[in-house]
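Student: please work out how this folds:
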Amino acid sequence: MILGSTPLGSTVHAGETDSVRFFVEFSDRAMDDPKATELSPKILDKLREHVGQTGEPSKEVDNRLLVTISDMPSSAGEDYLIRLTAIGNGEVVANSQTLACVDCGADELAAMAVDMLPPMLEAIAAAQPPPAAEPAQEPAQAEIEDVPEPVGPSSRKQRTLQIAGTTTAVTGALVLGAGGALLAVGKVFPRDTNGLVIDQIDYRPTGAVLIGAGVALVVTGLVCFGLGSRKRSGGLVSVAPVLNHEITGGAVTWAF
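Tutor: Now for the predicted structure:
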């Protein structure tokens, strides 16, 4: 395989490319093969003459055009296959068709490469990135420190209701428990040293009173806590007493 190159200056192809290098590669021959070393410079000279190359290309952009030539399979003599590959900005951007050149020398191979060249140069030119635009400078803005929002009167009131409701409900639960204990004790009959009943103490009325007071405190506490927890959009708290021969208390309902 032999590879040769020539630069293509910025004036070529109406200034559409900043730089392009031509490469000629004989894929089926060694670099020192006499036929390859004879044909490669001639083909490069024809390409350079066709595009009017006058100077060295820029090394900042990797734009190349590769002319690949290989011997035609099962053919003797000067029968070749030729193909062009365009590399724009370091990436392959176009490939030409592979054409056969029968009984060809340097002039015929160069003429075929020249005919296939225009769309390859257009693909390279189209692959160039647009010039980077300078970022617009935004006007400086004063930094605004995060200031915590003040707690409004309604928030403080809701917090107070929550605390008061919790305290009241806990107190009511304790009173309710004491009343239940007295109800469980029921009647007590104190006896003297001889075992005779001397008195009768009935704890049930007191227990019932404590249960009623405990229920009232718990209900009140739950109502206060519910009022303190509802959102501004409005939740509804309803209280309904529950009174029958088995239960003395109340029911509390929240609707949000």
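
Student: any regions of this structure where pLDDT drops low?
Tutor: 1-19, 55-61, 130-136, 138-154, 197, 230-256 (pLDDT under 70).

Student: just the strands in it please.
Tutor: Here the chain has its strands, by DSSP state E, at 2-8, 20-26, 64-71, 80-88, 91-95, 99-101, 187-188, 201-202, 236-243, 248-255.

Student: what number of residues lie near residue 220?
Tutor: Using other Cβ atoms under 10 Å, residue 220 has 19 other residues around it. All C-beta spots, glycine's among them, are computed from the backbone N, C-alpha and C.

Student: ok, the nearest residue to residue 111 once chain neighbours are set aside - contacts?
Tutor: Closest residue to residue 111 apart from its sequence neighbours, by Cβ to Cβ, 6 or more residues apart in numbering: residue 46 at 7.5 Å. Residue 46 makes contact with 106-107, 110-111, 113-114, according to Cβ atoms under 8 Å, 6 or more residues apart in numbering.

Student: per-domain residue ranges of the protein.
Tutor: The chain breaks down into these domains under automatic domain parsing: 2-126, 154-255.

Student: how about the helices in the stretch 51-200 of the chain?
Tutor: Using DSSP state H, counting those that start in this stretch, the helices assigned to the stretch 51-200 of the chain run over residues 106-115, 117-126, 153-185.

Student: for the last one, which positions count as buried?
Tutor: The reference is to helix 153-185. 158, 161-162, 164-165, 168-169, 171-172, 175-176, 178-179, 182-183 (16 or more other Cβ atoms under 10 Å).

Student: so which of the residues you listed comes closest to residue 222?
Tutor: Within the set of the buried residues of helix 153-185, residue 169 lies nearest residue 222; the separation is 5.6 Å, counting by Cβ to Cβ.

Student: if I look at that closest one, how far off is residue 36?
Tutor: Using Cβ to Cβ, to the nearest Å, residue 169 is found at 100 Å from residue 36.

Student: for the nearest residue to residue 92 once chain neighbours are set aside, list each beta-bridge partner.
Tutor: Nearest residue to residue 92, sequence neighbours excluded (Cβ to Cβ, 6+ apart): residue 85, at 6.3 Å. Beta bridges link residue 85 to residue 66, residue 95, judged by DSSP bridges.

Student: wait, what's in contact with residue 85?
Tutor: 65-66, 68, 92, 94-96, 120.

Student: what about it, distance to residue 121?
Tutor: Per Cβ to Cβ, residue 85 is found 13 Å from residue 121.

Student: can you list residues touching both of these two?
Tutor: residue 65.

Student: pretty sure residue 35 sits against residue 29.
Tutor: Yes - with contacts counted by Cβ atoms under 8 Å, residue 35 reaches residue 29, the gap being 6.5 Å.

Student: more neighbours: which of those two?
Tutor: Ranked by neighbour count (other Cβ under 10 Å), residue 35 and residue 29 place residue 29 first, with 19 against 14.

Student: quick check: the more buried one touching residue 38?
Tutor: No - using Cβ under 8 Å, residue 29 makes no contact with residue 38, being 10.7 Å away.

Student: burial measure for residue 62, as a count.
Tutor: When neighbours are defined as other Cβ under 10 Å, residue 62 has 15 of them.

Student: excluding sequence neighbours, find me the nearest residue to residue 218.
Tutor: In space, and not counting its chain neighbours, residue 218 is closest to residue 172: 3.6 Å by Cβ to Cβ, 6+ apart.

Student: so what's that neighbour up against?
Tutor: Residue 172 neighbours (Cβ under 8 Å, 6+ apart): 213-221.

Student: of these, closest to residue 101?
Tutor: Residue 101 has its nearest neighbour among the contacts of residue 172 in residue 221, at 101.5 Å by Cβ to Cβ.
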